[in-house]
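Participant: I'd like to go over a predicted model; first the sequence, then the structure.
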Amino acid sequence: MEYASKDLTIHKLRRTTDFKNLTFRIGGYTEHELGRFYHLWKNGQVLSIQAEPYRRPGFDYLKSPSTQNLGSSDKEAFYYLQEVLQTMLDNLQFGTENNWAHLVRQKDNTYSLIYTRKEFVRLKCPVWTKKVNLDDIEITRIVDCALWEGIHEGMEVDLFMGVHALWSQFVAAESLGHKLMNEAGVSHYTYKLLAHVYKSGMIIGVMCEPIIGRRVCPTDRAAVFAAVADIQRHGILLGSLLPHDILITEEGVRFLNISGVQFYKDHDKLAAEAETSHWAELAQTFGSGMIAPHTPLGSRARDSLSYVIPRLPSPGRPVYTTPELAMMRFVWSVMTSPGEFARTDVLPLLKFRDSEQQRKKSAVTHDPRHRRRAKISRKVLIAPLDCSESENRFEELDQIVPTDDEPYNPKWRSSQHTPYERPKKKLLLPRDDE
């Protein structure tokens, strides 16, 4: 969850809550022509819901198609339907062959759902790996509707899912890109594609090794150039070589964004294309591109954007709370606040959470030789957001606080005694009989 502690994951919620009744909102967006979309996940099952589009009166969406130009009324309309879905949680149908539903408004302003089945991932090549049922994968973390993490047969895996039309195209291209790299004999430069994931007879994603590594830094220039040259000699043109597309592991250089890979039989044509796509882009990556901060494409370097939709209380359901449930309700209230100022109020919470994440070992790290040490004058200890009884009971706010206070030095004092020294004089206390 975006504003919660990073420890509050699906893996932990399975052990501390009534997990089978938790409904996660793993994605949502607005398309002015097609409508409002909400992607939900519950105990391993996915359901996508499409609602009617909202159009602000007097606003031309054709001139401003970007979702960045959404006004407050657009956001209020989007979150309003999300709250409508909150009232329907007990009646949502998960785990059936129907993976899609249309939210329809009735004449009396109530809503109902019409279920259907949609297939999005249309592979550009035959399935060339084994197929794994989604039900056989224990999902441990969901960043968004495209990037998942899980455990399969005792091994951690990363999932690239296509549960809606946009990302399904990238899933199909990712499968083809890994196939081309494998046939060319250069698959060791990628994170191995382990299987295609299916559900109800449909391919819905791909499963690969966990994307774990170190961010690329200037000292990796020679190794990266040599790896790209080797890949090009095998007839492969990589799709992107930006800093967030490259990771360094103990085995060597690894490239992400395999969905843009192309194979060329004509090496002269490949060399001409590589002048721009490979070498010019690498020059920029190890030049100005290395200065700007970047986040790798893998899920393990990103905050989770999914959060729980809390169930409404009812007479037949006991009302109780735990630290995890309290955090879920808090995140829900923040994420459904329509005002622009709602998120600025939680910036201190984000700083506290980020400071905790910096102390823990991340899957995607920086090179310690190029890491800048933070100068901290004072550390502030605060109670954790989830109030859990863990060994890390406090979080540190890594912030520079100017101060003139100096540590106590007994040599600066004229007295020979320190404030913590035990007095040598005996205290005479009256006895009970006196």
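Facilitator: Here it is on my side, so go on.

Participant: burial measure for His188, as a count.
Facilitator: For His188, the number of neighbouring residues by other CB atoms under 10 Å comes to 14. For the C-beta atoms, the positions are set from N, CA and C on the backbone; glycine is no exception.

Participant: quick check: it vs Gly235, distance?
Facilitator: 16 Å (CB to CB, to the nearest Å).

Participant: which sections of the stretch 251-400 of the chain are below the confidence cut-off?
Facilitator: 289, 291-297, 318-320, 338-400 (pLDDT under 70).

Participant: can you tell me the closest non-neighbouring residue to Ile151?
Facilitator: Glu138 (4.6 Å; CB to CB, 6 or more residues apart in numbering).

Participant: same question but for Ser299, I mixed them up
Facilitator: With CB to CB, 6+ apart as the criterion, Ser299 has its nearest non-adjacent residue at 3.7 Å, and that residue is Leu147.

Participant: what about that neighbour, how many residues close to it?
Facilitator: Using other CB under 10 Å, Leu147 has 23 other residues around it.

Participant: in the sheet, who's paired with it?
Facilitator: Leu147 forms beta bridges with Phe160, as assigned by DSSP bridges.

Participant: wait, it sits on Trp167?
Facilitator: No. If you go by CB atoms under 8 Å, Leu147 and Trp167 don't touch, sitting 9.3 Å apart.

Participant: what do these two both touch?
Facilitator: Here Leu147 and Trp167 share the contacting residues Met161, scored by CB atoms under 8 Å, 6 or more residues apart in numbering.

Participant: which residues of this protein fall in helices?
Facilitator: Secondary structure of the chain (DSSP state H): helices at 10-16, 72-86, 165-183, 221-233, 267-274, 281-285, 323-335, 347-359.

Participant: that older thread, show me what contacts the residue nearest to Ser299?
Facilitator: Contacts for Leu147 (CB under 8 Å, 6+ apart) come out as 158-161, 298-299, 302.

Participant: between those residues, which is closest to Val331?
Facilitator: Among these, Arg302 lies closest to Val331 (CB to CB), at 16.5 Å.

Participant: ok, and the closest non-adjacent residue to that closest one?
Facilitator: Sequence neighbours aside, Val143 is the residue nearest to Arg302 in space, at 5.2 Å (criterion: CB to CB, 6+ apart).

Participant: ok, Thr140 next?
Facilitator: Nearest non-adjacent residue to Thr140 (CB to CB, 6+ apart): His11, at 4.2 Å.

Participant: which residues of the stretch 51-200 of the chain score low on pLDDT?
Facilitator: 59-71.

Participant: pretty sure Asn98 contacts Ile114?
Facilitator: No. When contacts are counted by CB under 8 Å, Asn98 is not listed as touching Ile114 (9.5 Å).

Participant: what about those two, which has more around it?
Facilitator: Between Asn98 and Ile114, counting by other CB under 10 Å, Asn98 is the more crowded of the two (16 against 11).

Participant: ok, the residue nearest to that one when sequence neighbours are not counted to Pro57 distance?
Facilitator: Of all residues not flanking Asn98 in the chain, Tyr115 sits nearest, at 3.9 Å (CB to CB, 6+ apart). Distance of Tyr115 to Pro57, given as CB to CB: 32 Å.

Participant: who's more crowded, the two?
Facilitator: Counted by other CB under 10 Å, Tyr115 and Pro57 do not tie: Tyr115 has more neighbours, with 15 against 5.

Participant: beta-bridge partners for the more buried one, please?
Facilitator: Ala101.

Participant: contacting residues around it?
Facilitator: 93, 96, 98, 100-101.

Participant: give me the buried subset of the residues you listed.
Facilitator: 98, 100-101 (16 or more other CB atoms under 10 Å).

Participant: between those residues, which is nearest Leu81?
Facilitator: The nearest member of these to Leu81, counting by CB to CB, is Ala101 at 12.4 Å.

Participant: if we can go back for a sec, which among the helices of the chain is found nearest to Leu123?
Facilitator: Proximity to Leu123 (CB to CB) singles out helix 165-183 among the helices of the chain, at 5.1 Å.

Participant: what does that closest one contact?
Facilitator: 120-125, 127-128, 145-146, 160-162, 187, 189-190, 193, 196, 204-206, 208, 236, 239, 258-263.

Participant: buried ones in that helix?
Facilitator: The neighbour-count check on helix 165-183 (16+ other CB under 10 Å) flags 167-168, 170-182 as buried.

Participant: what do you get for stretch 84-104?
Facilitator: 85-86, 89, 92, 98-101, 103.

Participant: please save the CA atoms from it in CSV.
Facilitator: Extracted in CSV, the C-alpha atoms of stretch 84-104 (Å, rounded to 0.1, in the frame of the first residue of the first chain):
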residue,chain,number,x,y,z
VAL,A,84,-20.2,2.6,-4.9
LEU,A,85,-18.2,-0.5,-5.4
GLN,A,86,-17.3,-0.5,-1.7
THR,A,87,-21.0,-1.0,-1.0
MET,A,88,-21.1,-4.0,-3.4
LEU,A,89,-18.1,-5.9,-2.0
ASP,A,90,-20.1,-8.7,-0.5
ASN,A,91,-21.8,-9.4,-3.9
LEU,A,92,-18.9,-9.2,-6.3
GLN,A,93,-18.3,-12.4,-8.1
PHE,A,94,-14.6,-13.5,-8.1
GLY,A,95,-13.2,-16.8,-9.3
THR,A,96,-15.6,-17.4,-12.2
GLU,A,97,-14.9,-17.6,-15.9
ASN,A,98,-16.1,-14.0,-16.2
ASN,A,99,-13.2,-11.7,-15.6
TRP,A,100,-15.0,-8.5,-16.6
ALA,A,101,-18.1,-6.6,-15.4
HIS,A,102,-19.9,-3.5,-16.5
LEU,A,103,-21.3,-1.2,-13.8
VAL,A,104,-24.7,0.0,-15.0
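
Participant: run the chain-centre distance for it.
Facilitator: When distances are taken as CA atoms, centre = their mean, to the nearest Å, stretch 84-104 is centred 24 Å away from the chain's centroid.

Participant: also stretch 182-201?
Facilitator: With CA atoms, centre = their mean, you get 22 Å for stretch 182-201.

Participant: CA atoms only for it - export them in CSV, please.
Facilitator: The C-alpha trace of stretch 182-201 is given here as CSV (Å, rounded to 0.1, in the frame of the first residue of the first chain):
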residue,chain,number,x,y,z
ASN,A,182,16.7,-17.3,-26.2
GLU,A,183,17.0,-18.4,-29.8
ALA,A,184,19.9,-16.0,-30.4
GLY,A,185,21.8,-17.5,-27.4
VAL,A,186,21.9,-14.3,-25.4
SER,A,187,19.2,-15.0,-22.8
HIS,A,188,21.8,-14.8,-20.0
TYR,A,189,21.7,-11.0,-20.4
THR,A,190,18.0,-11.0,-19.2
TYR,A,191,16.1,-12.4,-16.3
LYS,A,192,15.0,-15.8,-17.4
LEU,A,193,11.4,-16.2,-18.5
LEU,A,194,10.2,-19.2,-16.6
ALA,A,195,6.6,-19.7,-17.7
HIS,A,196,3.4,-18.3,-19.2
VAL,A,197,0.7,-17.7,-16.6
TYR,A,198,-2.9,-18.7,-17.5
LYS,A,199,-6.3,-18.5,-15.8
SER,A,200,-9.6,-20.1,-17.0
GLY,A,201,-7.8,-21.3,-20.2
